[in-house]
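Undergrad: Give me a 3D structure for the following:
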Amino acid sequence: MMFRDNPFLLIVFILLALSAAIQLFYYLYFYLAVILYKHANPATDRKPVSVIICARNESANLEKFLPAVLEQDYPEYEVIVVNDCSEDDSYDVLGKYLQQYPHLKISNVNKDPKFTHNKKFAQFIGIKAATNDMLLFTDADCKPVSDRWIEGMASHFDGKTDFVLGYGGYLTGKGFLNRYIRYDTLAIAMQYLGMAIRGIPYMGVGRNLAYRRSLFFDKKGFGSHNRVISGDDDLFVNSNAGKSNTSVEFRGSTHTRSIPTSSFADWMKQKKRHLSTAPYYKLSDKVLLITEPFTRVLFYASFFVLISYLFLWQYVLIIFGLRLVTHITVLALGQKKLNEPGLAVYSLFFDIFSPVINATVYLSNILTRSGKNLWK
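TA: Got it, this is the predicted structure:
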C-alpha cells in the first residue's frame, strides 16, 4: 500500500533525502580527502627533534616499546620520558635504558600528597626540559611501526608549519571489542585528518602529534584549558591550529600503535575521558562534529519508518543504497590507507550504533561531571 498523500510520511521522506545528502557531503568532501591525499616529498633539512613521553606506572610498556622510539633512523633527536609519580619499577627500567642510550633524558616527578595534578603538568615538565623547538609526542603504551617515524613527522616542519597531525592506531587483536575500538579510531582519524586537509583542523591525538615548543610558550601553554582534566592534545590543537599552520602525516611508516583496552568497562572510561573535552571546542567545530552523527541517526530512523510503510519504497531504497555503497567504498579505501584491515564489513553494524554509544557516553559525562583531578 502506498501513502503518497500522507503529509507525515512525505516529511519523513524529505528528511531522509536531506540527511543522506549531508552524509554524502561528509564522506565525499572530508573522508575521501584522506584517501586522495598525496604527501609531499620529505624535507631534506632534518632539524633536531625532542620526543616527549609522559608515563605513570608504565614500566612494562616502557620496557616493551621505548626501544622502538630510541632506535629511530634520525640524525639528531632526544627522548624525554617524564616519570610522573610512578610507584612501580619504572625508575629501574628507565635507568637501564639511560645507560644504553645517551639521547634519553628522564624527568622524575615525585609524589606530593599536598599537590595532585593531571597529565598536562607532566607534559609541561617534558616540554620545559626539551632542548629542541620541534616536539613530537607519543604515549608509553605506544610504539612507532617503523624507524622512519620521526623522519616522517618532522619532514613537514617548514617556515609556516606549527602542527603536524599523525595517525595513532591500535594493535589488532581478537574479539568484537577490538574491532570496534579500531573502527572507532579509524572513523575519528578520517574525520580529523580529512577536516585538517580541508583547512579545518580541530584536534590531534597525543599518541602521534607534533608541534613547536616556541608556539606552546607563545600561547601560554594550555591556557584557559589548563584545569580541564584531559585535552593536552586535542584542546591545544583546537585552540591554536589553523589552515595555514597545520600539516597531516599518515603514511604507513609514520603510524604508531597502542595497546587497546581488553574490557568494555575500561574502554568506556577511556571514551568518557576523550569526550570530556568536546564542550570546550570552538562552536563551529562542535556544529560540524554534531551534524554528522545527528544526520546519521536521522537517516536510519527515517529509512526504517518509510520502509515499514513501503512509502515510495523504490526511491527510499535508491537513496539508502547510494549512501550504503558510498560508506562501504570510502571505509574500505580508508582502512587500506591507514592499514586497518578487516573493518569495512563490521562497519555496517558499527555505523548504526556508534552515534548512540557516543551520545550515551557524552550524556554520562554531563550527568556525572566532577572536579576530580585525574592524571589520565
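Undergrad: now the helices for the chain?
TA: 7-25, 32-36, 59-70, 90-100, 119-129, 149-154, 176-197, 213-218, 234-240, 264-275, 283-309, 313-337, 347-367 (DSSP state H).
Undergrad: The shortest one: how far from the chain's middle?
TA: Helix 32-36 has its C-alpha centroid displaced from the chain centroid by 17 Å (Cα atoms, centre = their mean, to the nearest Å).
Undergrad: So what touches that helix?
TA: Residues outside helix 32-36 that contact it (Cβ atoms under 8 Å, 6 or more residues apart in numbering): Ala189, Met190, Leu193, Gly194, Ile197, Arg198, Phe250, Val330, Leu333, Gly334, Lys337, Leu338. Yep, even glycine has a C-beta here, placed from its N, CA and C like the rest.
Undergrad: Using CSV, list the CA coordinates for it.
TA: Output of helix 32-36 as CSV, limited to C-alpha atoms (Å, rounded to 0.1, in the frame of the first residue of the first chain):
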residue,chain,number,x,y,z
LEU,A,32,37.6,11.0,0.8
ALA,A,33,40.2,13.7,1.2
VAL,A,34,42.2,11.3,3.4
ILE,A,35,42.1,8.7,0.6
LEU,A,36,43.1,11.1,-2.1
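Undergrad: Pull out the buried residues from it.
TA: Leu32, Ala33, Val34, Ile35 (16 or more other Cβ atoms under 10 Å).
Undergrad: Identify, from these, the entry nearest to Glu63.
TA: Val34 (34.1 Å; Cβ to Cβ).
Undergrad: Need the pLDDT of the closest one.
TA: Looking at Val34, its pLDDT reads 98.
Undergrad: quick one: Ile125 and Cys85 touch, right?
TA: No: using Cβ atoms under 8 Å, Ile125 makes no contact with Cys85, being 11.3 Å away.
Undergrad: any common contacting residues for those two?
TA: Val109.
Undergrad: Which residue ranges make up each domain of the chain?
TA: 7-35+284-367, 40-270 (automatic domain parsing).
Undergrad: so which of the ones you listed comes closest to Thr277?
TA: Closest among the domains of the chain, using Cβ to Cβ: domain 40-270, at 4.1 Å.
Undergrad: Compute the first-to-last residue distance for that closest one.
TA: Domain 40-270 has an end-to-end distance of 34 Å (Cα to Cα, to the nearest Å).
Undergrad: on that earlier part again, if we take the contacts of helix 32-36, which one ends up nearest to Ser50?
TA: Nearest to Ser50 among the contacts of helix 32-36, with distances taken as Cβ to Cβ, is Phe250, at 21.7 Å.
Undergrad: re the thing from before, out of the helices of the chain, nearest to Val164?
TA: helix 149-154 (5.4 Å).
Undergrad: among the domains of the chain, which is the most enclosed?
TA: domain 40-270 (a mean of 18; mean count of other Cβ atoms under 10 Å).
Undergrad: pretty sure Leu9 contacts Phe311?
TA: Yes: contact criterion Cβ under 8 Å: Leu9 and Phe311 qualify, at 4.4 Å.
Undergrad: returning to that earlier point: Ala278 is nearest to which of the domains of the chain?
TA: domain 7-35+284-367 (6.8 Å).
Undergrad: wait, which of the helices of the chain is closest to Arg46?
TA: helix 149-154 (6.6 Å).
Undergrad: Pull the CA coordinates from that closest one and hand them back as CSV.
TA: Taking only C-alpha atoms (Å, rounded to 0.1, in the frame of the first residue of the first chain), the coordinates of helix 149-154 have been written out as CSV:
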residue,chain,number,x,y,z
TRP,A,149,58.5,7.7,12.3
ILE,A,150,60.5,10.8,13.5
GLU,A,151,61.7,11.5,9.9
GLY,A,152,58.2,11.4,8.5
MET,A,153,56.6,13.6,11.2
ALA,A,154,59.5,16.1,11.3
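Undergrad: next one: it to chain centre, how far?
TA: Worked out by Cα atoms, centre = their mean, helix 149-154 lies 18 Å from the chain centre.
Undergrad: who are the neighbours of it, in terms of helices and strands?
TA: On a contact count with 3 or more Cβ pairs under 8 Å, 6 or more residues apart in numbering; DSSP states H and E, helix 149-154 meets strand 49-55, strand 134-139, strand 163-166.
Undergrad: 6 Å - rerun?
TA: Of the remaining helices and strands, none touches helix 149-154 by 3 or more Cβ pairs under 6 Å, 6 or more residues apart in numbering; DSSP states H and E.
Undergrad: avg pLDDT for that helix?
TA: For helix 149-154, the mean pLDDT works out to 96.
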